[in-house]
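Undergrad: Got a predicted structure here, sequence first:
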Amino acid sequence: MKKLCITELLGMQTLNQFAPIRQQERNQFLQMILKKAKAGEAVDVQGELIRLTNNLMTRITMSKRCSENEDDAGEVRKYLQEIRQLSRKFNLADYIWFCKNLDLQGFGKRVKEARKKFDKIMEKIMKDHEEARRKKKEMSGEGDAVKDLLDILLAIMEDEKAEMRLTGENVKGIIMDIFSAGTDTSASTMEWALAELINHPNMMDKARQEIDSMVGKDRLVEEFDIVNLPYLQAIVKETLRLHPAGPLIVRESSKECTVGGYDVPAKTLVFVNVWAIGRDPNHWENPLEFSPGRFLNEDGSINKHLDVRGQRFKLLPFGSGRRVCPGTSLALQVVQTSLASMIQCFEWKVGDKGSGTVDMEEGPASGRANPLVCVPVARLNPFPIDTR
Ligand code: HEM
């Protein structure tokens, strides 16, 4: 599953084909915020970012948006959200060993029901995709042009010579994993980054100046600009250090071993606390301060050695090793460019006079306890929205 995800599904070659989708969804998101800005209305930033990442993921996985109505993609999103919310609830059976086989609060039953409904709707979507692939093959003699991730998975499933044999169940499971792992994580990272910048106006100004000087005000910032925006990259790294969307990484010892003087028996569950490592004063100066500059070299370029891809053990927002997050590249593309366009296009006001600060209270799994709500003010006129 892992190898397949990385090489086939989330590798750069496939991701590059989805660049227009990312751009269109970013534009729709900005247009929606522009509408609110013109009406002087507040935006539930968390809700809108989740909508953005949900739409992105359903378009990439099955070529459908999920926010317009409760059609197939909307239902997929609904059931997966339900499963995710139920799995996050405090389950007594996880804490009291003699209850472990009992479903005291009925969560197990509700997860099973939601999973059943998810399976049913996914089977319908898979059938529609297979039908479309068959028709395309009949008409043009070729059926394997990449449309979405489901197409890639179905092609592998049909290929008897494929290195990895996939069943329909595997396909449903992979779509579910990718969708669940890729939506809230990216949205939460962008929400925290914006909250930090609102509370640090000097950093917001610096990021804006960088974008204005490298991109200008006549066009929207694009993915290819990110390489020229080291301060923005540093903001995202600093956000991932302080607010990792996956705060605990889980591993199981495959054999008995000794780590740091402690004997660890085989099959022991180990939780690596990424959140605490990111705030450890042994590794970070003034660890609780939001300070993107720590990721920059003296000349203002980005410090490439202090990377987020699992090579530096003091910074592990995407995990490390064989199970490192396979969506890292996609996540960085989405988070960096969407955040950059939010900074470029709008000022974000909170509080009565628009100059208030944002509370930084953490909720479960290091998400925000309270959704970020602010009033956007468009700062580019004319607004350079690309309506392609
Ligand atoms: C800022 C956004 C994201 C963060 C912080 C994040 C973080 C993580 C972390 C910490 C893990 C566990 C790694 C480990 O155990 O070593 C993980 C696993 C995973 N992530 Fe992400 N992720 C993000 C976005 C995405 C995206 C966009 C996708 C897919 C489109 C994705 C797909 C996955 C999958 C499939 C796994 C499970 C891999 C496995 O179990 O082998 N993630 N992610």
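TA: Arrived safely.

Undergrad: Need the pLDDT of the residue nearest to Arg115 when sequence neighbours are not counted.
TA: Leaving out its chain neighbours, the residue that sits closest to Arg115 by Cβ to Cβ, 6 or more residues apart in numbering is Ile83, at 6.3 Å. No exception for glycine: its C-beta is placed from N, CA and C like everyone else's. What the model reports as pLDDT for Ile83 is 76.

Undergrad: in terms of contact, does Arg84 touch Ser180 like I think?
TA: Yes - under the criterion of Cβ atoms under 8 Å, Arg84 makes contact with Ser180 at 5.8 Å.

Undergrad: and the helix or strand hosting the residue nearest to Arg115, what does it pack onto?
TA: Here Ile83 is covered by helix 72-88, with elements defined by DSSP states H and E. On a contact count with 3 or more Cβ pairs under 8 Å, 6 or more residues apart in numbering; DSSP states H and E, helix 72-88 meets helix 45-62, helix 107-140, helix 168-182.

Undergrad: and of those helices, who's closest to Thr258?
TA: Closest to Thr258 of these, according to Cβ to Cβ: helix 168-182, at 32.4 Å.

Undergrad: now check stretch 287-307, is it near the ligand?
TA: No - counting by Cβ under 6 Å from any ligand atom, the ligand has no neighbours in stretch 287-307; the shortest distance is 13.8 Å.

Undergrad: coming back round to it: can I assume the residue nearest to Arg115 is in contact with Lys117?
TA: No - the pair Ile83 / Lys117 is not scored as a contact, 9.7 Å apart, by Cβ under 8 Å.

Undergrad: between the two, who's got more neighbours?
TA: It is Ile83, of Ile83 and Lys117, that has more neighbours when counted by other Cβ atoms under 10 Å, with 20 against 16.

Undergrad: Would you quantify the distance from the more buried one to Gly246?
TA: Note on Ile83: its distance to Gly246, by Cβ to Cβ, to the nearest Å, is 17 Å.

Undergrad: Next: Pro20.
TA: With Cβ to Cβ as the criterion, Pro20 and Gly246 are 29 Å apart.

Undergrad: Please say which of the two ends up with more neighbours.
TA: Gly246 (19 against 10).

Undergrad: Pretty sure Leu316 sits against Arg251.
TA: No - at 11.9 Å, Leu316 does not count as touching Arg251 under the criterion of Cβ under 8 Å.

Undergrad: so who does the residue nearest the centre of the chain touch?
TA: Nearest to the geometric centre of the chain sits Ser186, at 2.4 Å (Cα atoms, centre = their mean). Ser186 sits next to 49, 53, 245, 331, 334-335 when contact means Cβ atoms under 8 Å, 6 or more residues apart in numbering.

Undergrad: and which of the residues you listed is nearest Gln233?
TA: For the contacts of Ser186, the nearest to Gln233 is Val335 (10.3 Å; Cβ to Cβ).

Undergrad: Any idea how many residues pack against that closest one?
TA: When neighbours are counted by other Cβ under 10 Å, Val335 registers 23.

Undergrad: just checking, it touches Gln233?
TA: No - contact between Val335 and Gln233 fails when scored by Cβ under 8 Å: they sit 10.3 Å apart.

Undergrad: shaky segments in the protein?
TA: 1-3, 5, 67-71, 86-107, 141-146, 386-388 (pLDDT under 70).

Undergrad: Helices of that one, start to end?
TA: 2-4, 12-17, 19-39, 45-62, 72-88, 92-95, 107-140, 149-158, 168-182, 184-199, 201-215, 230-242, 274-277, 328-345 (DSSP state H).

Undergrad: Kindly present the ones you listed as CSV, with separate columns for distance to the ligand.
TA: Formatted as CSV, the helices of the chain follow (distance: least, Cβ to the nearest ligand atom, whole Å):
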stretch, distance to the ligand
helix 2-4, 5
helix 12-17, 9
helix 19-39, 11
helix 45-62, 7
helix 72-88, 13
helix 92-95, 19
helix 107-140, 16
helix 149-158, 9
helix 168-182, 3
helix 184-199, 4
helix 201-215, 18
helix 230-242, 6
helix 274-277, 7
helix 328-345, 4
